[in-house]
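Asker: Pasting a predicted model and its sequence here:
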Amino acid sequence: MRGADLVARSLARAGARKVFSLSGNHIMVLYDAALDAGLDIVHVRHEGAAVHMADAWGRIAGEPGIALLTGGPGHANGVGALYNALAAESPLVLLSGHAPLAQLGTDAFQEMRQAEVAAPLCKASWTAQRATDLGDEIAHAIRIATTGRPGPVHLSLPTDLLESQVADGARRVPEAIAYRPERRGLDDSAVRAVLHALAQALRPVIVAAPSFANGRGRTLREAIAAATGIPVLFTESPRGTADPALGALADLLPQADLVVLLGRKLDFSLRFGRPPAFGAQCRFIHIDPDAESLRRAMAAIGDSTRLVASAQADPLPAAEALLAQAQRGFPAAAGLAEWSDAVREALAYRPAEWRNAASSPGAVHPAAVGSAVARALASRAEAVLVGDGGEFGQWAMACASAATRITNGPGGGIGCSIPYAVAARLARPDATVVATLGDGAFGFHLAEFETAARCGAPFVAMLGNDARWNAERQIQLRHYGEARARGCELLPARYDLAVQALGGHGERVTRAEELDGAIGRAIASGKPACIDVSIAPLAAPMLSRTALPPGGAH
Ligand SMILES: Cc1ncc(C[n+]2csc(CCOP(=O)(O)OP(=O)(O)O)c2C)c(N)n1
Ligand SMILES: [Mg+2]
């Protein structure tokens, strides 16, 4: 057995089914090994797309996504896409081929310090050193990716290890248990203390981490809200409390008297817990897997009478323990129902004028596009909504939702939504998958429509085409004025025709009345589809009167 077979069989034993990859000299032995291990390689058109797909897989499938890249330039192309995954707490393992250990320091073919390049974007990053250890290395990587705060892990695989024969007695494909995450729960006294504080509070909220986006996390969010009557808030937007998907919540949040951060960092998107986003007297309880995050929250608040408790625990087990205890009985404070109703109302707030948003031909209102997506997804048994960044992305997220949603997340890197949609459809073959993105974001991974057509992964891309990088143009308008708003223009290109040429279904929409029919035809086509909508170049919605976006985040 070769070292490569140990890698492939260990991945299979971990439960991996798909490997998102772009080929190269260093990893062809792994393509060969994948045949016998029963791994399905999804061969993409840019390494960044492979990593984005592994990221989306990790957020939807409940198991880490696996990306496999070639060494040197392949690895370098892929690492940028780790940024969103790290910020969104998405478990993935990036495996990169690597120059042979025996040739290190000789200017070997595509030799590069790969682990160092990936390190700032990963929970852990290293280069394998012995062929016999390759199975254990895979188990270790998967375990780190899924333990505590989930996230990406990188392992470089030197070709001499992959190609060397491993003697019968020395080889080891670890047992299934070796890949499972370690769990650090919340002890009973901490569970009781947190629930006691929540029961005493008059206007409490719980804020959940990005890892609560889908699946078990989402179920837990809803169950805790149901068992306690306390609003459980969730945002993965860099706009944080001013996320338009949260309606006018930012106007109400300063009234909260207790915030429980459930695995949620007290970062820039929560305005570091400070006024005016939160009341000067508001108290915080922080539950987090990382000592460093707990320390930073304490430093940000700088007042132990406000940060009343911290506990080091993994978010999902902590949420499970809180739920189990709350379900035994939760004595909510008088007035909690009114507070929860007010929060629910604020979250649901959307200006009445959006309902009949005026669209002129060739300049469809972005809210009309978002509402059409909402209508299309509402009637589907299984739906995944994928969101990108930019102004249009925020309109779409404010208007549409689905039980499973993946966005570019707190990291805010744009251009990921086409690969995300492909992976979402592969993970959920029966789901209707709709991606919403601007024309700028569309260009990053347009070629993945060919991957989607080739791999049988249909989805619908709703493209808000305003012929500009509008989010950045809006910054220019706000800060430098119309006369100096230069450099953010794009051509009104026909992306629908580009998608047709790549084997997909493409339609151009210039009037709001055409949207529903176009979405219906796109879904029915069974092909990866692009509905290229000429939209009005509006600034992103700002639904609260008090919250301002954090500088530079979109
Ligand atoms: C990888 C990356 N590059 C650049 C940016 C900065 N950025 C944020 S939004 C945006 C413009 C997006 O344009 P488009 O996709 O057309 O959406 P629009 O704002 O026009 O609706 C840019 C360049 C970013 N967030 N991520
Ligand atoms: Mg645009």
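Answerer: Everything's here; your move. Nothing here was measured: the structure is a model prediction, and the numbers come from that model. Numbering: from 1, shown residues only. Ligands and ions are numbered 1, 2, ... in the order given.

Asker: For the residue in the stretch 401-550 of the chain positioned nearest to ligand 2, list the residues it contacts.
Answerer: Of all residues in the stretch 401-550 of the chain, the one sitting closest to ligand 2 is Gly438 (3.7 Å; Cβ to the ion). Just so you know, the C-beta spots here come from the backbone N, C-alpha and C atoms, and that holds for glycine as well. Going by Cβ atoms under 8 Å, 6 or more residues apart in numbering, Gly438 touches 388-393, 414, 463-466, 469-471.

Asker: Same question for Gly215.
Answerer: Ile60, Gly62, Thr404.

Asker: My read is that His365 contacts Ala536, right?
Answerer: Yes: using Cβ atoms under 8 Å, His365 is in contact with Ala536, at 5.9 Å.

Asker: Just put the contacts of Gly215 in CSV and tack on distance to Asp168, pLDDT and secondary structure.
Answerer: Below are the contacts of Gly215 laid out as CSV (distance: Cβ to Cβ, whole Å; pLDDT from 0 to 100; DSSP: H, G, I helix; E, B strand; the rest coil):
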residue, distance to Asp168, pLDDT, secondary structure
Ile60, 38, 96, helix
Gly62, 35, 86, coil
Thr404, 44, 97, strand
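
Asker: among those residues, who's most crowded?
Answerer: Counting neighbours by other Cβ atoms under 10 Å, Ile60 comes out on top of the contacts of Gly215 with 26 neighbours.

Asker: And the residue nearest to that one when sequence neighbours are not counted, how close does it get to Gly97?
Answerer: In space, and not counting its chain neighbours, Ile60 is closest to Ala427: 4.6 Å by Cβ to Cβ, 6 or more residues apart in numbering. Ala427 sits 25 Å away from Gly97, going by Cβ to Cβ, to the nearest Å.

Asker: One more: Ala368?
Answerer: Ala368 is 47 Å from Gly97, by Cβ to Cβ.

Asker: These two: who's more crowded?
Answerer: Set Ala368 next to Gly97 and count neighbours by other Cβ under 10 Å: Gly97 wins out with 27 against 23.

Asker: isn't the more buried one right next to Ser23, touching?
Answerer: No: counting by Cβ under 8 Å, Gly97 does not reach Ser23; the two are 9.7 Å apart.

Asker: Okay, now the unreliable bits of this structure?
Answerer: Across the chain, the ranges flagged by pLDDT under 70 are 545-554.

Asker: 80 instead, please
Answerer: In the predicted model, the chain carries pLDDT under 80 at residues 170-171, 545-554.

Asker: near ligand 2, which residues of it show up?
Answerer: Proximity of the chain to ligand 2, by Cβ under 5 Å from the ion, involves residues Gly438, Asp439, Gly440, Asp466, Asn470.

Asker: Tell me which residue of the stretch 201-350 of the chain lies closest to ligand 2.
Answerer: Closest point on the stretch 201-350 of the chain to ligand 2, by Cβ to the ion, is Pro244, at 16.7 Å.

Asker: ok, and the closest non-adjacent residue to Ala108?
Answerer: Ala99 (4.0 Å).

Asker: Show the contacting residues for the one you found.
Answerer: His26, Gly71, Gly72, Ala108, Phe109, Gln110, Glu111, Met112, Pro158, Thr159.

Asker: will you turn these into TSV that also has neighbour count and distance to Ala119?
Answerer: As requested, the contacts of Ala99 are exported to TSV (neighbours: other Cβ atoms under 10 Å; distance: Cβ to Cβ, whole Å):
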residue	neighbour count	distance to Ala119
His26	26	19
Gly71	26	16
Gly72	21	17
Ala108	18	21
Phe109	13	23
Gln110	18	19
Glu111	16	17
Met112	17	13
Pro158	25	17
Thr159	25	21
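
Asker: Show me these that map onto strands.
Answerer: Pro158 (DSSP state E).

Asker: Quick check: the two most widely separated of the contacts of Ala99?
Answerer: Maximum pairwise distance among the contacts of Ala99 (Cβ to Cβ): 13.4 Å, between Met112 and Thr159.

Asker: Next, show the common contact partners of these two.
Answerer: Listed as contacting both Met112 and Thr159 by Cβ under 8 Å, 6+ apart are Gly71, Ala99.

Asker: intersection of neighbour lists for Gly97 and Ser23?
Answerer: Here Gly97 and Ser23 have Thr70 as joint contacts, going by Cβ under 8 Å, 6+ apart.

Asker: contacting residues for Leu336?
Answerer: Here Leu336 is in contact with Leu202, Pro204, Gly229, Ile230 (Cβ under 8 Å, 6+ apart).

Asker: Recalculate using a threshold of 7 Å.
Answerer: Gly229 (Cβ atoms under 7 Å, 6 or more residues apart in numbering).

Asker: following whichever helix or strand Ala367 is part of, which helix or strand comes up?
Answerer: Taking DSSP states H and E as the criterion, the element that holds Ala367 is helix 366-378. Next in sequence after helix 366-378, counting helices and strands by DSSP H and E, comes strand 383-387.

Asker: Does that next one reach ligand 1?
Answerer: No: judged by Cβ under 6 Å from any ligand atom, strand 383-387 stays clear of ligand 1, getting no closer than 11.4 Å.

Asker: Neighbouring strands - and their directions - for that strand?
Answerer: Sheet pairing of strand 383-387 (DSSP bridges) gives strand 404-407 (parallel), strand 432-438 (parallel).

Asker: Now distance to ligand 1 too, for those, in CSV please.
Answerer: What follows is those, written out as CSV (distance: least, Cβ to the nearest ligand atom, whole Å):
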stretch, distance to ligand 1
strand 404-407, 12
strand 432-438, 2
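
Asker: Out of the ones you listed, which one sits most buried?
Answerer: strand 432-438 (a mean of 30; mean count of other Cβ atoms under 10 Å).

Asker: and whatever helix or strand comes next after it, is it in reach of ligand 1?
Answerer: Per DSSP H and E, strand 432-438 leads on to helix 439-442 as the next helix or strand towards the C-terminus. Yes: interface with ligand 1: helix 439-442 contributes Asp439, Gly440, Ala441 (Cβ under 6 Å from any ligand atom).

Asker: what's the following helix or strand after helix 439-442?
Answerer: That would be, after helix 439-442 and using DSSP H and E, helix 448-455.

Asker: Would you mind extracting the C-alpha trace of stretch 175-195 into PDB?
Answerer: The C-alpha coordinates for stretch 175-195 follow below in PDB (Å, rounded to 0.1, in the frame of the first residue of the first chain):
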ATOM      1  CA  GLU A 175     -10.700   3.600  13.500                       C
ATOM      2  CA  ALA A 176     -13.700   5.800  13.100                       C
ATOM      3  CA  ILE A 177     -13.500   7.200  16.600                       C
ATOM      4  CA  ALA A 178     -10.100   8.800  16.000                       C
ATOM      5  CA  TYR A 179     -11.700  11.400  13.600                       C
ATOM      6  CA  ARG A 180     -14.500  12.500  16.000                       C
ATOM      7  CA  PRO A 181     -14.200  15.900  17.800                       C
ATOM      8  CA  GLU A 182     -13.400  16.200  21.400                       C
ATOM      9  CA  ARG A 183     -16.200  17.900  23.300                       C
ATOM     10  CA  ARG A 184     -15.800  20.300  26.200                       C
ATOM     11  CA  GLY A 185     -19.200  20.700  27.800                       C
ATOM     12  CA  LEU A 186     -20.500  23.300  30.200                       C
ATOM     13  CA  ASP A 187     -20.600  22.000  33.800                       C
ATOM     14  CA  ASP A 188     -23.900  21.800  35.600                       C
ATOM     15  CA  SER A 189     -23.300  24.700  38.000                       C
ATOM     16  CA  ALA A 190     -22.400  27.000  35.000                       C
ATOM     17  CA  VAL A 191     -25.500  25.900  33.200                       C
ATOM     18  CA  ARG A 192     -27.700  26.700  36.200                       C
ATOM     19  CA  ALA A 193     -25.900  30.000  36.700                       C
ATOM     20  CA  VAL A 194     -26.400  31.100  33.100                       C
ATOM     21  CA  LEU A 195     -30.100  30.100  33.200                       C
END
